[in-house]
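>>> Build me a model:
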Amino acid sequence: MKKFKFSVVLMAALVILSGCGASNATKGGLIGGGSGAAVGALIGNLIGKNTGGTLIGAGIGAAVGTGAGVLIGKKMDKAKAAAEAVENAKVESVTDKNGLEAVKVTFDSGILFTTGSYTLSEVAKSNLSEFANDVLKVYSDCDVAIQGYTDNQGWRNSTPEQSVQKNLKLSQDRADAVKSFLLGAGATSTQIKSSTGFGQENPIADNATKAGQEQNRRVEIYLYASEAMIKAANAGTLQ
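Okay, here's the model as predicted:
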């Protein structure tokens, strides 16, 4: 019963810290001081709702100690700051399925692509080149997941069911296009773990408005602790 109460308090504290802008290092230490990855998974489901955060992570089963959580948090603070300097990138902290801090970078599809296309614009290539060079290459011990999304608008001369499938394919093509470009810009295939299209699932805004539709058309890039980073943090050697 005491462990259960502690977990509830721990999760509540994390929510408060997230809302007041606490650093990743602070939150990482709190996570590390709990019951390890098992508690972290619960936290990830709570904080990562509608962010994709619970979908990413190395799936480490071992507990992460307090010191390791702090080290990972500090590393993610630095990666977040680097990503925030990239033009047209919206950056925020999320929690992965291990309960560890991760970084979510969102690029608006309107900047990346023209309507109905998965060919990257010249502006997008410039932004992604900057992201690859200043973030992915520098923080090469962060794993990466790429997720593509669309709004829920139908396609001309298509049934609702056909439109859903076309949106799903478009989101996959766009996620793959971003992955392909980042690989060409110097990211490694071992670092980028996945590129997945979710179509019109997981909207972050109201699809009933044009503004909401624009927000839902997006590509999200997640940076999260790799297995090697977690092991280095647990050993106290993570820089």
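
>>> can you pull out the helices in this protein?
Ranges of helices within the chain are 2-19, 24-32, 37-47, 66-84, 109-112, 122-131, 160-184, 210-216, 227-235, based on DSSP state H.

>>> so how far is residue 165 from the residue at the greatest distance from the centre of the chain?
Centroid-distance maximum for the chain: residue 157 at 34.5 Å, with Cα atoms, centre = their mean. Going from residue 157 to residue 165 by Cβ to Cβ, to the nearest Å gives 14 Å. To be clear about C-beta, it is placed using only N, CA and C from the backbone, and glycine gets the same treatment.

>>> what residues are up against residue 110?
214, 217 (Cβ atoms under 8 Å, 6 or more residues apart in numbering).

>>> switch to 10 Å and redo it
Residue 110 is in contact with 88, 121, 124, 214-215, 217-218, counting by Cβ atoms under 10 Å, 6 or more residues apart in numbering.

>>> Just the buried residues from these, in ChimeraX please.
To isolate the buried ones among these in ChimeraX, judged by 16 or more other Cβ atoms under 10 Å, type:
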select :88,124,215,217,218
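
>>> In JSON lines, list the contacts of residue 110 along with pLDDT.
Putting these into JSON lines (pLDDT from 0 to 100) gives the following:
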{"residue": "88", "pLDDT": "96"}
{"residue": "121", "pLDDT": "95"}
{"residue": "124", "pLDDT": "96"}
{"residue": "214", "pLDDT": "92"}
{"residue": "215", "pLDDT": "92"}
{"residue": "217", "pLDDT": "94"}
{"residue": "218", "pLDDT": "95"}
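
>>> Would you format the contacts of residue 110 as JSON lines with distance to residue 81 included?
What follows is those, written out as JSON lines (distance: Cβ to Cβ, whole Å):
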{"residue": "88", "distance to residue 81": "17"}
{"residue": "121", "distance to residue 81": "26"}
{"residue": "124", "distance to residue 81": "22"}
{"residue": "214", "distance to residue 81": "27"}
{"residue": "215", "distance to residue 81": "24"}
{"residue": "217", "distance to residue 81": "27"}
{"residue": "218", "distance to residue 81": "22"}
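
>>> List just the nearest of the contacts of residue 110 to residue 179.
Distance to residue 179, by Cβ to Cβ, is smallest for residue 124 among the contacts of residue 110, at 13.1 Å.

>>> measure the nearest residue to residue 67 once chain neighbours are set aside to residue 66 for me?
Nearest residue to residue 67 in three dimensions, chain neighbours excluded: residue 236, at 6.3 Å (Cβ to Cβ, 6 or more residues apart in numbering). Here the criterion is Cβ to Cβ. By it, residue 236 lies 11 Å from residue 66.
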